[in-house]
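Q: Structure, please.
(2 chains)
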Amino acid sequence: MAENITKLDKGPEAPAAEAIRLEGLHKSFGELEVLSGIDLDVRRGEVVCVIGPSGSGKSTLLRCVNLLEEPTSGKVVVAGTEVTDPDVDIDRVRRRIGMVFQSFNLFPHLTALDNLTIAQRRVLGRDQAVAERTARHNLERVGLTDKESAYPSKLSGGQQQRVAIARALSMEPELMLFDEPTSALDPELVGDVLAVMRTLAREGMTMLVVTHEMSFAREVADRVVFMDEGVIVEEGAPAQVVGDPQQPRTREFLSRVLDPAAAQLSE
Amino acid sequence: MTSKLSRRQRAKLIRTVQYGVLALVVLVFAFAANWGEIQRAFFDLEVAKDQFPDIVTTALLNTVIYTALGFAFGLALGLVLALMRLSKVPPYRWLSIAYIEFFRGVPALLVFIALGFGVPLAFQVAINQYATVMLALGLVGAAYIAETIRAGIQAVPKGQLEAARSLGMSQGRAMISIVIPQAFRIVLPPLTNELILLTKDSSLVYLLGLSLTQYELAKFGRDALNENRSLTPILIAGLLYLVITLPLGHLVRRLEARTAKAR
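A: Have a look, this model is predicted:
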């Protein structure tokens, strides 16, 4: 186990089969335990969707992967680097992990293009020309070539989220984390964002996606993880977890999500 | 007694009475005042003419220079104090809070006296006049500016820092490239207000004992008042302060409107 984990600053990293490995992950905010022992592996090139009711800890789980939240205990290993090791330079690991937020979090004082170049220049040390070339390539990937000089406030929610995805991709990450990327969007704008994510998945990107989009999970995910009250209740192929859930809590959650009207009637 | 007036009639009556009172006051002033005397005291054209061009080329210019020096120093120190105030290291926070509370709590006048006379006496050093002004205005201004900038930094959504950090930026880099530029946009209106206050505080420079070429508006006006026994120079000095502060005030309102629109 220990041989697999090579720190970034100690020469070339050993190729690990897992892009993400979570072991015995606990996270508490004060008295409240949000994660109560999570074990989860995400293989390279795998798309894993995390579903579950709000407050189940799924966003916290995602934020522990790049240490936006510091786990209370347990181990997080990303691409062979143990990020929970206090000696690891987290900034160096984070540049290999793309993250997309529910509220987009584009930098409002920068144009779309500058949103994509600033970290390339300031973190990776790329010069302006190279950074812009990469940025334009990634804007093209999300279908927003014509918006490069637009400020975020001039873009629709769906466009902002696609720019945010392109911003993460411009760092050429080894894996991508998506934290409810479509939850803040008007329904008619969800499709464009999901289409971009679908393409990414097809291209072989490793993705850990917290989502409420069951059709996306069913269609794109290699594996679906159902969480409730800080633990993984059920996981497996989407056809199994979403299509034929074994656990009563999963069944109850899915019935509410897939047919809210019917669930309300039965209450 | 029941009122026979409708609501609209009553409102009209009240408005008429208000205009009547106003007209009466204006009339009393117009007839009772000795206009010749007032003009001689407040706006003597001969005296007014004598003030130009020096009141602009020397006094107004010096007011602008003193204010600019003080503001530049205050802004730099204020930013440092704001970052200390938000530091994770408690002693930095304590120092910053102590500084801010002290300099907000004492009159700017005392700071000028301390720097102009106290420091040279105590340390047996002569400080350049401009440096003294810059330090005194800046030290006082920094306390207010620090609180303004701190509020601005805290007004930048937490997600901005998270997005920057998730791209691999260090805390410092994220502050410099992402948070502080946004904070400054937010605090531009209150900072401009601070500049207006500092413009007026620059009149305290008279305490330091200035040579003729170092006179700013207030001191210049006061000297000319003694010379001419007419308020005219003071009035002109006042108007020249307005030449600086009114456009700045207008700028504040425009900036505020722009900020409101951007949200």
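Q: A:Leu189 touches A:Gln160, doesn't it?
A: No: counting by Cβ atoms under 8 Å, A:Leu189 does not reach A:Gln160; the two are 9.5 Å apart. Bear in mind the C-beta positions are built from the backbone N, C-alpha and C, glycine included.
Q: More neighbours: which of these two?
A: A:Gln160 (27 against 18; other Cβ atoms under 10 Å in any protein chain shown).
Q: Around chain A, which positions in the stretch 51-200 of chain B sit nearby?
A: Proximity of the stretch 51-200 of chain B to chain A, by Cβ under 8 Å from any Cβ of the partner chain, involves residues B:157, B:159-160, B:162-170, B:173, B:177-178, B:181-182, B:185.
Q: Out of the residues you listed, list just those in helices.
A: Counting by DSSP state H, the part of those found in helices is B:159-160, B:162-166, B:173, B:181-182, B:185.
Q: Now do the helices in the stretch 1-150 of chain A.
A: Under the criterion DSSP state H, counting those that start in this stretch, the stretch 1-150 of chain A contains helices at A:58-65, A:90-94, A:112-122, A:128-141.
Q: so which helix or strand takes in the residue in the stretch 1-150 of chain B that chain A sits nearest to?
A: Nearest to chain A in the stretch 1-150 of chain B, going by Cβ to the nearest Cβ, is B:Lys88, at a distance of 13.9 Å. Assigned by DSSP states H and E, B:Lys88 belongs to no helix or strand.
Q: what's whatever residue of the stretch 1-150 of chain A ends up closest to chain B in contact with, if anything?
A: Residue nearest to chain B within the stretch 1-150 of chain A (Cβ to the nearest Cβ): A:Arg95, separated by 3.1 Å. Applying Cβ atoms under 8 Å, 6 or more residues apart in numbering or on different chains, one finds that A:Arg95 lies in contact with A:119, A:123-124, A:171, A:173, B:167-168.
Q: repeat that for 6 Å
A: Taking Cβ atoms under 6 Å, 6 or more residues apart in numbering or on different chains, we find A:Arg95 in contact with A:123, A:171, B:168.
Q: residues near the first one, how many?
A: Yep, that's A:Val123 we're talking about. A:Val123, neighbours per other Cβ under 10 Å, totals 20.
Q: Can you pull the phi/psi pair for it?
A: Backbone dihedrals for A:Val123, given as degrees, to the nearest 10, come out at phi -100, psi -50.
Q: Excluding sequence neighbours, find me the nearest residue to it.
A: Nearest non-adjacent residue to A:Val123, counting by Cβ to Cβ, 6 or more residues apart in numbering or on different chains: B:Gly168, 4.3 Å away.
Q: do the second one as well
A: Spatially, and ignoring its direct neighbours in sequence, A:Met171 is nearest to A:Arg95 (5.5 Å; Cβ to Cβ, 6+ apart).
Q: Over to B:Phe43?
A: Nearest residue to B:Phe43 in three dimensions, chain neighbours excluded: B:Thr232, at 5.7 Å (Cβ to Cβ, 6+ apart).
Q: Also B:Met134?
A: B:Leu69 (3.9 Å).
Q: Quick check, pLDDT for the one you found.
A: Looking at B:Leu69, its pLDDT is 93.
Q: Equivalent analysis for B:Lys4, please.
A: Reported pLDDT for B:Lys4: 77.
Q: how close does it sit to B:Phe31?
A: 37 Å (Cβ to Cβ, to the nearest Å).
Q: which residues of the stretch 1-150 of chain B fall in helices?
A: For the stretch 1-150 of chain B, the helices defined by DSSP H, counting those that start in this stretch occupy B:7-32, B:35-42, B:45-51, B:54, B:61-85, B:90-105, B:108-113, B:119-123, B:129-155.
Q: Distance from the second one to the middle of the chain?
A: Right, the one you point to is helix B:35-42. The chain centroid and the centroid of helix B:35-42 are separated by 31 Å under Cα atoms, centre = their mean, to the nearest Å.
Q: Check which residues of it are buried.
A: By 16 or more other Cβ atoms under 10 Å in any protein chain shown, the buried positions in helix B:35-42 come out as B:Arg40.
Q: centroid residue for chain B?
A: For chain B, B:Leu197 is the residue whose C-alpha lies nearest the centre (Cα atoms, centre = their mean; 1.2 Å).
Q: ok but that residue is inside a helix, no?
A: Yes: applying DSSP: H, G, I helix; E, B strand; the rest coil, one finds B:Leu197 inside a helix.
Q: Just give me the residue closest to the centre of chain A.
A: A:Leu177 (1.6 Å).
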